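**Q** got a sequence here, can you build the structure:
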Amino acid sequence: MARYTGPKVRISRRLSVNIFENEKGRQALERRPFPPGQHGRTRRRNAGSEYLAQMQEKQKAKYIYGVLEKQFHKTYVEAQRQPGPTGEILLRFLEQRLDNVVYRAGWASSRPQARQFVNHGLIQVDGKRVDIASFRCKKGQVVSLSPKAQKMIVIQHNIDTLDRSLVGWLEAGDGGKAVTVRSLPEREHIDVPVRESLIVELYSK
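**A** Next up is the predicted model:
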């Protein structure tokens, strides 16, 4: 399955956000809070441009949710067909991804790790194994850890140590080993640092 495998710290520094939610990225932003490269400290020639701001917001959303350009654009087109604000619906679709639900449940320390858990078949939806990270969870579905996953030290460590509150559209169950999609995510439940209106503006050109 296609995913970004390039340098992660450079991406975080370029977008001024710890995109991959890792300690290395956090430390890099603290030490060097400016874009990478020889001229990172100096002002960019096109800094402040409308197009640059729009492109950066799209890049943020893509990297945060681990989606490549083709799939991201396909999701946008699908969101555009739905009634309501396209930007909010786009973020809702991305939030409903199975790997993001695993991350939101507190079973993974980052979305890339959550994606790995899904790809390795450690996650079940309504009692059935699902190994597709982009699977879109629907209202009423129950996402749970497989029997094998429940015994894994790394997952138990995440459950015990991660101080991550469960978002309002998910409901915990089975002693923290399952979550139910109680409703579709609303914008106030989505805490990613993305201005979705700029993404819509970019694709509307």
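
**Q** use CA for all of it now, contacts and neighbours both
**A** Noted.

**Q** which of the three states applies to the residue found closest to residue 164 once you drop the neighbours it is linked to in the chain?
**A** In space, and not counting its chain neighbours, residue 164 is closest to residue 106: 6.3 Å by C-alpha to C-alpha, 6 or more residues apart in numbering. Following DSSP: H, G, I helix; E, B strand; the rest coil, we place residue 106 in the coil state.

**Q** tell me the contacts of residue 106?
**A** With contact taken as C-alpha atoms under 8 Å, 6 or more residues apart in numbering, residue 106 is in contact with 158, 159, 162, 164, 166.

**Q** can you read off the pLDDT for residue 60?
**A** Looking at residue 60, its pLDDT is 91.

**Q** the host helix or strand of it packs against which elements?
**A** Element membership for residue 60, per DSSP states H and E: helix 50-65. If contacts are counted by 3 or more C-alpha pairs under 8 Å, 6 or more residues apart in numbering; DSSP states H and E, helix 50-65 sits against helix 196-203.

**Q** how distant is the helix it packs on from the center of its chain?
**A** Distance of helix 196-203 from its chain centroid, counting by C-alpha atoms, centre = their mean, to the nearest Å, is 18 Å.

**Q** and that helix, average pLDDT?
**A** 95.

**Q** just the buried positions in that helix, please.
**A** 196, 198, 199, 200, 202 (16 or more other C-alpha atoms under 10 Å).

**Q** got it, and stretch 70-86?
**A** Neighbour-count burial for stretch 70-86 [16+ other C-alpha under 10 Å]: 72, 73, 75, 76, 79, 80, 86.

**Q** check contacts around the residue lying closest to residue 138 once chain neighbours are set aside.
**A** Spatial nearest neighbour of residue 138, excluding adjacent residues (C-alpha to C-alpha, 6+ apart): residue 181 at 6.7 Å. Applying C-alpha under 8 Å, 6+ apart to residue 181 gives the contacts 137, 138, 139, 140, 141, 142, 143, 169, 170, 171.

**Q** and the gap between the residue nearest to residue 164 and residue 173?
**A** Here residue 106 is placed at a distance of 13 Å from residue 173 (C-alpha to C-alpha, to the nearest Å).

**Q** before we move on, the earlier item: highest neighbour count among the contacts of residue 106?
**A** Within the contacts of residue 106, most neighbours by other C-alpha atoms under 10 Å means residue 159, with 18 neighbours.

**Q** so what touches the helix or strand harbouring it?
**A** Here residue 159 sits within helix 153-161, counting by DSSP H and E. The contact list for helix 153-161, computed with C-alpha under 8 Å, 6+ apart, reads 106, 107, 108, 109, 149, 150, 176.

**Q** filter these down to just the buried residues.
**A** Using 16+ other C-alpha under 10 Å as the burial test, the contacts of helix 153-161 include 106, 107, 108, 109, 149, 150 as buried.

**Q** determine which two of these are furthest apart.
**A** 109 and 150 (15.5 Å; C-alpha to C-alpha).

**Q** mark which of the contacts of residue 181 are buried, thanks.
**A** Buried members of the contacts of residue 181, scored by 16+ other C-alpha under 10 Å, are 137, 142, 143, 169, 170, 171.

**Q** alright, that wraps it up for me.
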